[in-house]
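J.: How does the following fold in three dimensions:
(chains A and B)
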Amino acid sequence: MGRLEKHFYDIGYLDTLAAGSTAIHRLDPRAKLITTIVFAATVISFGKYEISALVPFIIYPVFLMAVGNLPPGYIFRKILLVSPFAVIVGIFNPILDPDTLLAIGPLSVSGGWVSFTSILIRFTLTVGAAMILIAVTGFNAVCMALEQLGAPRFFALQLLFLYRYLFVLMDEAVRMVRARSLRTFNGRGMGMTIYASLLGHLLVRTLDRAQRIYSAMWCRGFDGTIRTTRRLSFGRAEYLFMLLWITLFVIMRFKNLPLFLGEHIGELMR
Amino acid sequence: MSHHIVEAQDLYFTYPDGTDVLRGVTFRITHGESVAIVGANGAGKSTLLLHLNGYLTATKGVVRIGESPLLPENLKQARRAVGLVFQDPDDQLFMPTVFDDVAFGPLNMGLPAPEVQTKVRKALETVGAWHLHDRPPYRLSGGEKRTVAIATVLSMTPDILVMDEPSSNLDPRSRRVLINLLKGFAHTKIIATHDLDLVMDLCRRTLVIREGRIIADGPTGEIMRNEDLLASSSLETPLSLRSCPACGKTPDLTSSTC
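T.: Below you'll find the predicted structure:
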């Protein structure tokens, strides 16, 4: 199986995970979405040299993974897959910011390396939390929650359709790539021009399909609004979940827990 | 007024790029009839079907549903009365779950939620797919997708079912299940297909379309035995009418459905 195909089936696995029925899965998507957004905002709000205060935040993704019964290895691999973006963002920090900020014995660490590490930690926390949110909620439910929380309807619709037809599009792309690779030898036929034509075909097919989908929707009375019968219920469990986590985030934002614990344990030992 | 009658009068249609697809199509299909539309690839079958519920508007000519001509004012009724099942179920199933997809039409018709629930359940039970209701459509098998696509149309309680290649890409068993299912429907049925054995099983009447014109319209049995006519439309005698390769006997035509 080609690499493209493997990733394709891997994305589908998120849906399988989202079909679970743990206490976390059962929470209203809106509660999980808001909490995760507050989590990400808090993590991002720290100063650029902060490392130690960020570490305790790992408790939120770890809690969701544990209670939601998610395989940590899978989530970690997904984070690694997109990590190059974070590396590119931070890789020049050590060069641009060479002033020593930290000295551990004979080892001096420049501000650039500290901020680079900080970026990587924040990236892991936020992307991990987003991935876990989808794995315990389902992409469609996240879109619905977005709409109900007042995100523009077209935005939610776009996301919904994107996700629905991602599978069809990937399937088509996989078949085209397979057909090409079966007729290429010694790297001949793999060049950019062939690639461009492949992409062009995919675009034309996509436009055709969009037309057909629209006509199928039209035939069933589509007038610009997607209606569903599903009702979400926001109850005590949801309020409790949000209240506890957001309180914890606020505490962790204004109190550097590792430092605080370190000082107090030090005092006790004295 | 009965909506079960479909009539096309001298339909002409040209795509914006200048391709003439329909060049004078005329027929009348009455209540409860089951009619096949057959013809070569590109003969105009799919284009014709899209005229029957007003998705495409003929350049010239009139379509009547019931006794009233299709006009912009009654398009909404026509969309409900004529249920169109597309060739590729992936085009027809676009909602997050099977339930949402089957509920899409009734909700757009403005029905209240409890009624939508019963309609969805009834439609899915009719096609034997209720157990799939909370699955995402892209995870279904080809046969399951097809039955769900039919349910998405049934939930709007159409009077006329129009289907484009219903048996394409199905394995023989799924195809047989589909044929038995369609046999049980009392709707007026219009089926465009290349599967002539399916036509033999389901349709008493057949229209042959070639280059945008109806070149034959008659009882299925007669048309299927006219080899010259079939050959001129890139078709072949259905297997069920050919002589047995083992014993050489020709099938007993009196017992066929035609």
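
J.: Give me the distance from the host helix or strand of residue A:265 to the chain's centre.
T.: Per DSSP states H and E, residue A:265 falls inside helix A:257-269. Mean-position distance between helix A:257-269 and its chain equals 34 Å (Cα atoms, centre = their mean, to the nearest Å).

J.: for stretch A:75-87, same thing?
T.: 10 Å.

J.: quick one, helices of the chain?
T.: All of this refers to chain A. With DSSP state H, the ranges of helices along chain A come out as A:3-18, A:23-26, A:29-44, A:59-67, A:72-90, A:93-96, A:111-137, A:139-148, A:153-181, A:192-219, A:236-254, A:257-269.

J.: Please refer instead to chain B.
T.: B:45-51, B:75-81, B:89-92, B:98-108, B:113-126, B:142-154, B:172-183, B:196-202, B:220-225, B:227-232.

J.: Redo these as TSV? Include mean pLDDT and distance to chain A.
T.: Bear in mind the C-beta positions are built from the backbone N, C-alpha and C, glycine included. Converted to TSV, the helices of chain B look like this (pLDDT from 0 to 100; distance: least, Cβ to the nearest Cβ, whole Å):
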stretch	mean pLDDT	distance to chain A
helix B:45-51	93	7
helix B:75-81	87	6
helix B:89-92	88	4
helix B:98-108	91	3
helix B:113-126	93	5
helix B:142-154	93	7
helix B:172-183	92	19
helix B:196-202	94	22
helix B:220-225	94	27
helix B:227-232	93	29
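
J.: Just tell me which of the helices of chain A ends up closest to residue B:207.
T.: With Cβ to Cβ, the closest approach to residue B:207 among those belongs to helix A:192-219: 21.5 Å.

J.: Tell me which other helices or strands that closest one touches.
T.: helix A:153-181, strand B:82-85, helix B:89-92 (3 or more Cβ pairs under 8 Å, 6 or more residues apart in numbering or on different chains; DSSP states H and E).

J.: If we use 10 Å, what do you get?
T.: Counting contacts by 3 or more Cβ pairs under 10 Å, 6 or more residues apart in numbering or on different chains; DSSP states H and E, helix A:192-219 packs against helix A:153-181, helix B:75-81, strand B:82-85, helix B:89-92, helix B:98-108, helix B:142-154.

J.: Save those as JSON lines, and put in mean neighbour count and distance to residue B:52 too.
T.: Output for these, formatted as JSON lines (neighbours: other Cβ atoms under 10 Å in any protein chain shown; distance: least, Cβ to Cβ, whole Å):
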{"stretch": "helix A:153-181", "mean neighbour count": "16", "distance to residue B:52": "26"}
{"stretch": "helix B:75-81", "mean neighbour count": "19", "distance to residue B:52": "8"}
{"stretch": "strand B:82-85", "mean neighbour count": "25", "distance to residue B:52": "5"}
{"stretch": "helix B:89-92", "mean neighbour count": "23", "distance to residue B:52": "16"}
{"stretch": "helix B:98-108", "mean neighbour count": "25", "distance to residue B:52": "16"}
{"stretch": "helix B:142-154", "mean neighbour count": "24", "distance to residue B:52": "13"}
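
J.: mind checking which of the ones you listed is nearest residue A:55?
T.: Using Cβ to Cβ, the helices and strands packed on helix A:192-219 put helix A:153-181 closest to residue A:55, at 32.2 Å.

J.: What mean pLDDT does the closest one get?
T.: For helix A:153-181, mean pLDDT is 83.

J.: Now do the contacts for the nearest residue to residue B:138 once chain neighbours are set aside.
T.: With Cβ to Cβ, 6 or more residues apart in numbering or on different chains as the criterion, residue B:138 has its nearest non-adjacent residue at 4.7 Å, and that residue is residue A:167. Contact analysis of residue A:167 by Cβ atoms under 10 Å, 6 or more residues apart in numbering or on different chains lists A:8, A:11, A:12, A:15, B:90, B:136, B:137, B:138, B:139.

J.: Next, format those residues as JSON lines and append distance to residue A:268.
T.: Formatted as JSON lines, those follow (distance: Cβ to Cβ, whole Å):
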{"residue": "A:8", "distance to residue A:268": "54"}
{"residue": "A:11", "distance to residue A:268": "49"}
{"residue": "A:12", "distance to residue A:268": "51"}
{"residue": "A:15", "distance to residue A:268": "49"}
{"residue": "B:90", "distance to residue A:268": "65"}
{"residue": "B:136", "distance to residue A:268": "55"}
{"residue": "B:137", "distance to residue A:268": "60"}
{"residue": "B:138", "distance to residue A:268": "58"}
{"residue": "B:139", "distance to residue A:268": "56"}
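
J.: List just the nearest of these to residue B:36.
T.: residue B:90 (24.3 Å).

J.: wait, the closest one sits on residue B:145?
T.: Yes. The criterion here is Cβ atoms under 10 Å, and residue B:90 meets it with residue B:145 at 7.1 Å.

J.: Tell me how many other residues surround the residue nearest to residue A:127 when sequence neighbours are not counted.
T.: Leaving aside its sequence neighbours, residue A:127 sits nearest to residue A:79 (Cβ to Cβ, 6+ apart; 5.5 Å). For residue A:79, the count of nearby residues is 20 (other Cβ atoms under 10 Å in any protein chain shown).

J.: and if you look at residue A:14?
T.: 18.

J.: Go ahead and confirm it touches residue A:74.
T.: Yes. Assessed by Cβ under 10 Å, residue A:14 is found in contact with residue A:74 at 8.9 Å.

J.: Now do the shared contacts for those two.
T.: Joint contacts of residue A:14 and residue A:74 (Cβ under 10 Å, 6+ apart) are A:131, A:135.

J.: Contacts only, for the residue nearest to residue B:217 when sequence neighbours are not counted.
T.: Closest residue in space to residue B:217, ignoring its immediate chain neighbours: residue B:207 at 5.0 Å, by Cβ to Cβ, 6+ apart. Going by Cβ under 10 Å, 6+ apart, residue B:207 touches B:25, B:27, B:29, B:35-39, B:45, B:48, B:190, B:192, B:214-218, B:223.

J.: same thing but 8 Å
T.: B:27, B:35, B:36, B:37, B:38, B:214, B:216, B:217 (Cβ atoms under 8 Å, 6 or more residues apart in numbering or on different chains).

J.: Switch those residues over to JSON lines; also include pLDDT, neighbour count and distance to residue B:82.
T.: Output for those, formatted as JSON lines (pLDDT from 0 to 100; neighbours: other Cβ atoms under 10 Å in any protein chain shown; distance: Cβ to Cβ, whole Å):
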{"residue": "B:27", "pLDDT": "95", "neighbour count": "18", "distance to residue B:82": "15"}
{"residue": "B:35", "pLDDT": "96", "neighbour count": "23", "distance to residue B:82": "13"}
{"residue": "B:36", "pLDDT": "96", "neighbour count": "24", "distance to residue B:82": "17"}
{"residue": "B:37", "pLDDT": "96", "neighbour count": "28", "distance to residue B:82": "14"}
{"residue": "B:38", "pLDDT": "95", "neighbour count": "27", "distance to residue B:82": "20"}
{"residue": "B:214", "pLDDT": "95", "neighbour count": "20", "distance to residue B:82": "19"}
{"residue": "B:216", "pLDDT": "95", "neighbour count": "18", "distance to residue B:82": "24"}
{"residue": "B:217", "pLDDT": "95", "neighbour count": "16", "distance to residue B:82": "20"}
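
J.: Can you pull the residues of the stretch 51-200 of chain A lying near chain B?
T.: A:140, A:160, A:161, A:164, A:165, A:167, A:168 (Cβ under 8 Å from any Cβ of the partner chain).

J.: Test my guess that the fifth one contacts residue A:173.
T.: No. Counting by Cβ atoms under 8 Å, residue A:165 does not reach residue A:173; the two are 11.8 Å apart.

J.: how many other residues sit next to residue B:185?
T.: The number of residues near residue B:185, taken as other Cβ under 10 Å, comes to 15.

J.: Find the nearest non-adjacent residue to it, please.
T.: residue B:161 (6.5 Å).
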